[in-house]
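In: predicted coordinates and the sequence they were generated for:
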Amino acid sequence: MELTVATILVAFVGVFLICFMKGAFGGGFSIVGIPLLSVVMDPVTAGGLLAPLFIAMDLFALRYWKPATWSKPDLALLLPGLAIGIAFGYLLFRFLDHRVIAIMMAAITLIFVGLWLVAGVEVMTRPRSTSKAITAGLASGITTMVAHSGGPPLAMYLLPLGLSKEIYAGTTSLFFTVGNATKAVPWLLLVRPTAGVWELMAICLFAIPTGVWLGWRLHGTLDQRQIYRACYGLLVVTAFKLLWDGVSGYLA
């Protein structure tokens, strides 16, 4: 990867978009910024670039998503599965075809959104499920390690709970703070960034404060229904991105 002006500008915009999503929704939709990065670098290099940046983004986002916005009962169920999923995802990344995982996750996400549309696109409150939480944490750990796309499994568990928009965003933010800190070392072992990638990381750090703050301001202007509809819409975008990654990988 050459550190050209175009590379710097595209990467900066991509990181800014990811930060904006973290500020607005607490995390989980970072994959929407990855297509921009793929314009100037391969996906594996992009993953290595983002792994340390995610930690900086998460720590800054926690200035806004404080402990009062965390659903601690859900996090207690989700986080153990997340850690196991990241370890399993590391093995899958090294030895198995991650394109299959991308396609399967895309299909499951689209079915989930389809069922929500059939139900009338309303915010519904359903009881907490230990088994569903553990499964969501595990699936999110695998997909966040393999494709930086841990958002869909987590959203599929949290959205049906009908949490307030602040609790949803805060819980998601802390979940991915733990997840991104856990997966950073495995990603760096897999990718081993060059000096140019480290330099690009340093430049992209400047996108974090403004991006997160603007996203947080957007969150404040949206009501509960708008936030949930935006989350479901972003799930569709994420699903099609995963589907494209999986299918285009086979076609290539």
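Out: Sure thing, it's come through.
In: the residue nearest to Pro160 when sequence neighbours are not counted in helix, strand or coil?
Out: Take Pro160 and drop its neighbours on the chain: the residue closest to it by CB to CB, 6 or more residues apart in numbering is Arg126, 4.6 Å away. For glycine as for every other residue, the C-beta is placed from the backbone atoms N, C-alpha and C. Secondary structure assignment for Arg126 (DSSP: H, G, I helix; E, B strand; the rest coil): coil.
In: how many other residues sit next to the residue nearest to Gly249 when sequence neighbours are not counted?
Out: Nearest non-adjacent residue to Gly249, counting by CB to CB, 6+ apart: Arg99, 4.2 Å away. Residues lying near Arg99 (other CB atoms under 10 Å) number 18.
In: show the contacting residues for the residue nearest to Pro160.
Out: Contacts for Arg126 (CB atoms under 8 Å, 6 or more residues apart in numbering) come out as Pro160, Leu161, Gly162.
In: thought Thr143 was touching Gly89, still the case?
Out: Yes: the pair Gly89 / Thr143 is scored as a contact, 7.2 Å apart, by CB atoms under 8 Å.
In: need the helices for the stretch 1-150 of the chain, in chain order.
Out: 5-25, 34-37, 43-61, 72-95, 98-118, 130-147 (DSSP state H, counting those that start in this stretch).
In: list the buried residues in the first one.
Out: This points to helix 5-25. 7, 10-25 (16 or more other CB atoms under 10 Å).
In: Thr171 and Cys19: what is the separation?
Out: 19 Å (CB to CB, to the nearest Å).
In: now for the protein, the helix or strand with the poorest mean pLDDT.
Out: Here the helix or strand of the chain ranked lowest by mean pLDDT, DSSP states H and E is helix 98-118, holding a mean of 72.
In: if we can go back for a sec, nearest to Val185, out of the helices of the stretch 1-150 of the chain?
Out: helix 43-61 (8.5 Å; CB to CB).
In: ok, and what's touching that closest one?
Out: Outside helix 43-61, the residues that touch it by CB under 8 Å, 6+ apart are 1, 11, 15, 18-19, 22-23, 26-27, 30, 34, 37-38, 41, 148, 173, 176-177, 180-181, 183-184, 187-188, 190-193, 197, 200-201, 204-205, 208-209, 211-212, 216, 245.
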